[in-house]
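Chemist: next comes the sequence, and after it the predicted model I'd like to discuss.
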Amino acid sequence: MRAEAAVMPAVGDETIRVELGARAYDVVVGADLLDGLGARLRSLGFAGRCGLVTSDRVGALYRKPVERSLALAGFAPIVVEVPDGEQHKTLATLERVYDALLRAGIERRTPLIALGGGVIGDLTGFAAATLLRGLPVVQVPTTLLAQVDAAIGGKTAVDHAVGKNLVGAFHQPRLVLADVAVLGTLPRRELLAGLAEVVKYGVIGDAALFERIAQDPTALLTLDPAALVPVVAACARQKAAVVAADEHEERGERAVLNFGHTIGHALEAATDYGRFLHGEAVAVGMVAAARVSYALDLCAAATAERIRALLERLGLPTTLPSDVSPAALGTAMRADKKSTGGRIRFVAVEDIGRTRFVPLTAQDIVDRL
């Protein structure tokens, strides 16, 4: 008789439902969840073969326990490992994934599992969206940034020489399994970069979350599961609500998630995506966005300072580098895919937990930095 892991919620697990009608799914946040992945996949009605896409770095850490969980639940995983890093989120790498899965004989009901950070989640999600006109995908994010943001909401893409995430599709997962225990192997710099997105959620819609982080940042920095699970769940809950309200960015509500990203993305582009991690650039972008908000008389100076001070306490960069010119930032902002008719729907902060949209040109923003 085959041993099989039971789907038993551990103490402290939180489940958030992304309400999308027939395509609704759960985001499960907890510690030590990888052992139950196979059983959860079975509970969704899948059986037999599955694809497991991961990076060489993450695979060295978590491939074996995930394979073991899948085998115990009766799955035969097709494992595809790709090189680690944003520079490999390309059509060439996507083709490698296609080749491996197609040669292994995947079928329309074969689920793909994305085990890794945002790059793996985006790459695997896009493969699932396009292979055989659509395969189910399960996201198992292993970075904090992916757990609170990238793995939820169905955005999938690969990069193009012209810019990031320009070739992609919306393709919702069937499940997101966010195991905070895996964050213990995350490089310190990547952990801090993920915390920038956590702070973002506090600023845009959850003042209580912002205060919770500000009162005890050490608990997060030391990866205390009792602190991490509710914080990650709070971010996931907010992301789920935004996605449910504006899944395909057609109504505009989802754009609130871009707080700090307009300037952050421009900073990444102006430095050739080689100097800053995404979360680091967003941290700088949030401080700059708060400065622009103050210059527009939309928030108090104290609000902008609270955002800067918390990010600094978390060990994140908060200032634009002196060797990046305002002109370079403006050029990058004008090329942003979210710019329409020369104007950007800029997310300005009014107070902690409250934002508003302001139509601005790239020059309007640069003039107020």
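Modeler: Thanks, I have the structure now.

Chemist: from R345, how far out is the closest residue to I307 other than its chain neighbours?
Modeler: Nearest non-adjacent residue to I307, counting by Cβ to Cβ, 6 or more residues apart in numbering: A290, 4.9 Å away. Every C-beta, even on glycine, is put in place using the N, C-alpha and C of the backbone. The gap separating A290 from R345 is 17 Å, by Cβ to Cβ, to the nearest Å.

Chemist: quick one: the helices in the stretch 51-200 of the chain?
Modeler: Ranges of helices within the stretch 51-200 of the chain are 56-72, 91-103, 118-130, 144-145, 188-205, based on DSSP state H, counting those that start in this stretch.

Chemist: mind checking which of the ones you listed is nearest V162?
Modeler: Closest to V162 of those, according to Cβ to Cβ: helix 91-103, at 12.2 Å.

Chemist: and that closest one, what does it pack against?
Modeler: Helices and strands touching helix 91-103, by 3 or more Cβ pairs under 8 Å, 6 or more residues apart in numbering; DSSP states H and E, are strand 76-82, helix 118-130, strand 155-160.

Chemist: looking at these, which is buried most?
Modeler: By mean neighbour count, with neighbours taken as mean count of other Cβ atoms under 10 Å, helix 118-130 ranks first of the helices and strands packed on helix 91-103 at a mean of 26.

Chemist: that one to helix 56-72, inter-axis angle?
Modeler: Interaxial angle of helix 118-130 relative to helix 56-72 (axes from the mean of the first three to the mean of the last three Cα atoms, to 10 degrees): 50 degrees.

Chemist: how far off centre is stretch 69-76?
Modeler: Centroid displacement of stretch 69-76 relative to its chain, using Cα atoms, centre = their mean, to the nearest Å, is 27 Å.

Chemist: buried ones in it?
Modeler: Judged by neighbour count (16 or more other Cβ atoms under 10 Å), stretch 69-76 contains these buried residues: S69, L70, L72, A73, F75.

Chemist: could you do stretch 215-222 as well?
Modeler: Within stretch 215-222, the residues that count as buried by 16+ other Cβ under 10 Å are P217, A219, L220, L221.

Chemist: next: stretch 99-108.
Modeler: Going by neighbour count (16+ other Cβ under 10 Å), the buried part of stretch 99-108 is A100, L101, I106.

Chemist: how far off centre is it?
Modeler: How far stretch 99-108 lies from its chain's middle: 27 Å, per Cα atoms, centre = their mean.

Chemist: okay, how far is it across that stretch, tip to tip?
Modeler: 16 Å (Cα to Cα, to the nearest Å).

Chemist: what's that stretch in contact with?
Modeler: Identification of contacts with stretch 99-108 by Cβ atoms under 8 Å, 6 or more residues apart in numbering yields R49, G51, I78, V80, T110, L112, A127, L131, L132, R133, G134, L135.

Chemist: please repeat the previous calculation with a cut-off of 10 Å.
Modeler: Residues outside stretch 99-108 that contact it (Cβ atoms under 10 Å, 6 or more residues apart in numbering) are 48-51, 53, 76, 78-82, 98, 110, 112, 127-128, 131-136.

Chemist: still on that earlier bit, A290 and R345: which has the busier surroundings?
Modeler: Just comparing A290 and R345: by other Cβ atoms under 10 Å the higher neighbour count belongs to A290, 24 against 16.
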